[in-house]
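Student: Next input, structure requested:
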Amino acid sequence: MPKLLQVLLVAFFALIGASAFAPSTAINRGTTAATASFASPRLTRHIITTSLSMAGPATLEPTKTEEKKKTEEPVKDDQKQGSEGWEVRLFNDPMNKREYVARCLTEIVGLSDGMAYQVMMQAHQLGLAAIIRCHQERAELYRDSLVENGLVVDMVPVADDE
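Tutor: Okay, the predicted model is just below:
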């Protein structure tokens, strides 16, 4: 039984890499940790404590980051649409219920319940109502989301002085 155990342990250490558990002196003498550990229990403790004491604490080097220099780029005329250059408009729609339209305006655009009701009623009575004025990207987002929900919506560029 001890011979079988020794063979199994040698195979085990060979699989996991005996050099991780053996000090350099045992490797230089041509012995592995598995065979050296059977020579004496004292040597086994020495091998384990030596390999553990050789390991240091894990430290991470701080990463070096390069600071980007702030440069002011000139704003192009097509980018400078003012603070709010696009208007999203709602058209009267006989297909959708008024409550549904108001709920879509509240959930998608973020209007209050009262404001959503006013916009919906203006579109219902006059045929057209301005929902919001905002930047182009946000206006496109609102328009696309409202159209996906079945509302008749468009967006138009507006001047700042309007």
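Student: going forward, measure contacts and count neighbours with C-alpha atoms only.
Tutor: Noted.
Student: Run through this protein and note the low-pLDDT ranges.
Tutor: Where the chain drops to pLDDT under 70, the residues are 1, 15, 17-84, 160-162.
Student: quick one: the strands in it?
Tutor: 86-91, 128-134, 153-157 (DSSP state E).
Student: tell me the angle the first one makes with strand 128-134.
Tutor: This means strand 86-91. 160 degrees (axes from the mean of the first three to the mean of the last three C-alpha atoms, to 10 degrees).
Student: for strand 86-91, packing partners?
Tutor: For strand 86-91, the elements it packs on are helix 113-126, strand 128-134, helix 136-148, strand 153-157, judged by 3 or more C-alpha pairs under 8 Å, 6 or more residues apart in numbering; DSSP states H and E.
Student: Equivalent analysis for the shortest one, please.
Tutor: For strand 153-157, the helices and strands in contact under the criterion 3+ C-alpha pairs under 8 Å, 6+ apart are strand 86-91, helix 136-148.
Student: circling back: burial-wise, tell me which of the strands of the chain comes out on top.
Tutor: The highest mean neighbour count among the strands of the chain, using mean count of other C-alpha atoms under 10 Å, belongs to strand 86-91: a mean of 22.
Student: want to throw the helices and strands packed on strand 86-91 into CSV with distance to residue 105?
Tutor: Shown next, in CSV, are these (distance: least, C-alpha to C-alpha, whole Å):
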stretch, distance to residue 105
helix 113-126, 6
strand 128-134, 8
helix 136-148, 8
strand 153-157, 11
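Student: circling back: just send the helices and strands packed on strand 153-157 back as TSV, with distance to residue 9 too.
Tutor: Listed next are the helices and strands packed on strand 153-157 as TSV, based on distance: least, C-alpha to C-alpha, whole Å:
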stretch	distance to residue 9
strand 86-91	76
helix 136-148	66
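Student: out of these, which comes closest to residue 116?
Tutor: Closest to residue 116 of the helices and strands packed on strand 153-157, according to C-alpha to C-alpha: strand 86-91, at 11.1 Å.
Student: Contacts for that closest one next, please.
Tutor: The contact list for strand 86-91, computed with C-alpha atoms under 8 Å, 6 or more residues apart in numbering, reads 120, 123-124, 127-136, 139, 142-143, 151-158.
Student: swap the cut-off to 10 Å and go again
Tutor: Contact with strand 86-91 is made by 101, 105, 119-120, 122-124, 126-140, 142-143, 146, 151-160, as judged by C-alpha atoms under 10 Å, 6 or more residues apart in numbering.
Student: No more questions from me, cheers.
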